[in-house]
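> here is a sequence together with a model predicted from it:
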Amino acid sequence: MIVTRTPFRITLGGGGTDLPSYYQKHGGYILAAGIDKYMYLMLHPPTLDKMVRLQYSRSEVVFHASELQHELAREALMYMGVETKIELSSLADLPAGTGLGSSGSYLIGLLMALSHYKREFVTLQQLAEIACHLEIDVLKKPVGKQDQYMATFGGLTSLEIAKDGQVTVTPLVKGTSSLAEFVANTHMYYTGFRRDALEVLHDQNRALEADKDPQRGQVEDSLKRIHELGFEIKDAIASDNYDRWGELLHTHWTHKKNLSSKISLTRVDQIYDEVRRDYNVLGGKISGAGGGGFLMLYCTGNHKRLESYMASQNMPRLHYNIESQGTKVVADLGPGMDQAQAILGERS
């Protein structure tokens with residue numbers, strides 16, 4: 001059995017500029033951070049059974065990988081040439097549809113497990129690009145490159161995307177105390193709303209790709225400003241100017257809401273206005289493409305007071321830390337179960 005662990009991520013700046021419909025014209029920039037909440041993939045090749053067995057929120061048992069309804073698993077298995085005689089299951093610390101890149105974490109974790117199983121070495125850059133190819137080119141999903149790259153590399157990381165789609169990955173190195181201050185002030189609250197990010201991203205893509213779409217100018221102008229803000233946010237965080245980061249987060253959110261009417265929710269907007277007015281919150285935004293999931297808030301003080309208020313609104317706080325690593329194999333219990341026996345021996 002092979003087990004991989006892949007981090008979820010939070011987007012700090014530049015969200016939306018990683019979609020081909022934008023970066024092919026203007027280039028893109030993302031600043032994001034991997035967090036210590038994970039997707040786990042378990043791969044097991046059965047001894048006799050030749051079926052493909054897939055376990056996630058539902059179960060599938062098929063004769064061939066091409067018959068799977070789970071699109072990401074199907075395309076990953078087909079691409080890697082593992083089409084029969086395999087069992088896969090997944091577990092996650094957080095639910096899907098919450099804007100923290102769960103689909104990208106699933107796909108990257110699966111590709112890592114498959115490459116390890118086949119003993120076919122791929123670089124981290126190649127791994128991320130394979131995932132992008134499967135989602136964008138094969139499945140034609142209106143997604144960008146952020147989730148695949150952040151799941152692969154983790155850390156506090158900037159992604160510069162050229163017009164031809166080439167991604168330059170640069171870690172933003174911070175001291176332990178500085179990161180602790182950032183995490184303490186940057187709260188994450190679960191709104192209780194889950195949504196399909198593809199529905200939100202479809203509006204953005206449609207506006208950018210249709211010459212006569214009346215929303216095209218507004219969407220493109222907002223993304224250009226979000227693109228610029230990504231670099232400003234990076235500079236603020238790099239210089240430990242976290243209050244400035246909070247102010248820029250608010251500006252980022254005002255422009256992001258121009259990308260689609262589905263990005264925000266009336267109740268969330270009302271709460272956001274109140275915490276900015278009464279709870280020392282400088283800025284915030286809904287995670288991922290928007291529409292639900294987690295509400296990120298930068299708070300300058302009285303953290304327990306804000307946390308208590310959000311709890312009264314049925315929005316619990318997610319406590320997290322920055323995960324410095326990306327996807328990795330955490331267990332390989334190979335033939336003969338030597339490692340399993342060693343582990344059991346240590347515990348006995």
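Noted; the coordinates are in hand.

> tell me where the stretch 51-200 of the chain has helices.
Secondary structure of the stretch 51-200 of the chain (DSSP state H, counting those that start in this stretch): helices at 71-80, 102-118, 124-132, 146-153, 176-185, 197-209.

> for the fifth one, name the packing helices and strands.
On a contact count with 3 or more CB pairs under 8 Å, 6 or more residues apart in numbering; DSSP states H and E, helix 176-185 meets helix 242-256. In short, each C-beta sits where N, CA and C put it, glycine included.

> state the mean pLDDT of the helix it packs on.
The average pLDDT within helix 242-256 is 94.

> and for that helix, what's in contact with it?
12-13, 15-16, 181-182, 185-186, 222-223, 225-226, 229, 232-233, 236-237, 263, 276, 281-286, 290, 296, 298-300 (CB atoms under 8 Å, 6 or more residues apart in numbering).

> what are the buried residues along it?
In terms of neighbour count (16 or more other CB atoms under 10 Å), helix 242-256 has its buried residues at Tyr242, Arg244, Trp245, Gly246, Glu247, Leu248, Leu249, His250, His252, Trp253, His255, Lys256.

> still on that earlier bit, buried among the contacts of helix 242-256? Need that as a selection in PyMOL.
Listed next is the PyMOL selection for buried residues among the contacts of helix 242-256, using 16+ other CB under 10 Å:
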select buried, resi 12+13+15+16+182+185+186+222+223+225+226+229+232+233+236+237+263+276+281+282+283+284+285+286+290+296+298+299
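
> re the thing from before, ok, of the helices of the stretch 51-200 of the chain, where does mean pLDDT dip lowest?
Per-stretch mean pLDDT for the helices of the stretch 51-200 of the chain is lowest at helix 197-209 (a mean of 68).

> C-terminal to that one, what's the next element?
helix 216-238 (DSSP states H and E).

> which pLDDT does the model give the most centrally placed residue in the chain?
Nearest residue to the geometric centre of the chain (CA atoms, centre = their mean): Gly101, 2.3 Å. Looking at Gly101, its pLDDT reads 93.

> list the contacts for the nearest residue to it once chain neighbours are set aside?
Of all residues beyond its chain neighbours, the one nearest Gly101 is Asp147 (3.9 Å), with distances taken as CB to CB, 6 or more residues apart in numbering. When contacts are counted by CB under 8 Å, 6+ apart, Asp147 touches Arg9, Gly101, Ser103, Gly104, Ser105.
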